[in-house]
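A.B. asks: Need coordinates for the following:
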Amino acid sequence: MGSMRALTLVLILSLLVSPGVVWSTTTVASDRSQPLEITSRSLESDGGLRQVVFLGDVIARQAGLTIKAAKLVVYYQGKGNQISRVEAIGNVKIEKDGRIATGGRGLYEVGKETITMTESPRVQQGKNSVEGDEIVFFLEEDRSIVKSKTGSRVKAIMTPKGDAVGP
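C.D. replies: Presented below is the predicted three-dimensional model:
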């Protein structure tokens, strides 16, 4: 039973860390087949709550994508222990192909095919960046929405190619 949960966790987390999740509509199937490695200071599994929690300096890596967080919680449901959502909490950093997304929280909702970054989210590639109060990535649609709360504003910095900006 424990090995079945571990296998299910690895399979679903591999969906989370697939390269198409945040950065592109092109999902490379071979990348999902690459080994997924998750390290943390501890792991807690609770069948009653139907969740697995990785705690302390969590690092998940697969095929060039890295997710770092203080805590990673995987929620599952149904007979086959299908993952419903994965939440990264505390100093979340996602790196792929020179792009870096940071924030205090990241939530991947499997059924909605969305990733929502909150708590000062920012996405940066080179000198280009965008930040707001919430960044939602629609994985199947190759689109995203950056939202701001009342009284704040979205900020984007876009540097023309070939122009040197700053040191």
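A.B. asks: only C-alpha atoms for contact and neighbour calcs from this point on.
C.D. replies: Fine.
A.B. asks: would Gly48 count as being in a helix?
C.D. replies: No - Gly48 is assigned coil when assessed by DSSP: H, G, I helix; E, B strand; the rest coil, not a helix.
A.B. asks: Share the number of residues neighbouring Ala101, please.
C.D. replies: Neighbourhood size, Ala101 [other Cα atoms under 10 Å]: 23.
A.B. asks: so what secondary structure elements neighbour the helix or strand that contains it?
C.D. replies: Assigned by DSSP states H and E, Ala101 belongs to strand 99-109. Counting contacts by 3 or more Cα pairs under 8 Å, 6 or more residues apart in numbering; DSSP states H and E, strand 99-109 packs against strand 82-96, strand 114-118, strand 122-125.
A.B. asks: export those strands to CSV and tack on distance to Lys149, mean pLDDT and mean neighbour count?
C.D. replies: Compiled in CSV, these are given as follows (distance: least, Cα to Cα, whole Å; pLDDT from 0 to 100; neighbours: other Cα atoms under 10 Å):
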stretch, distance to Lys149, mean pLDDT, mean neighbour count
strand 82-96, 21, 88, 21
strand 114-118, 11, 89, 22
strand 122-125, 15, 90, 18
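A.B. asks: okay, these in JSON lines with distance to Asp57 next?
C.D. replies: Shown next, in JSON lines, are those (distance: least, Cα to Cα, whole Å):
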{"stretch": "strand 82-96", "distance to Asp57": "10"}
{"stretch": "strand 114-118", "distance to Asp57": "19"}
{"stretch": "strand 122-125", "distance to Asp57": "20"}
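A.B. asks: of those, which approaches Ile59 most closely?
C.D. replies: Taking Cα to Cα, strand 82-96 is the member of these nearest to Ile59, at 9.5 Å.
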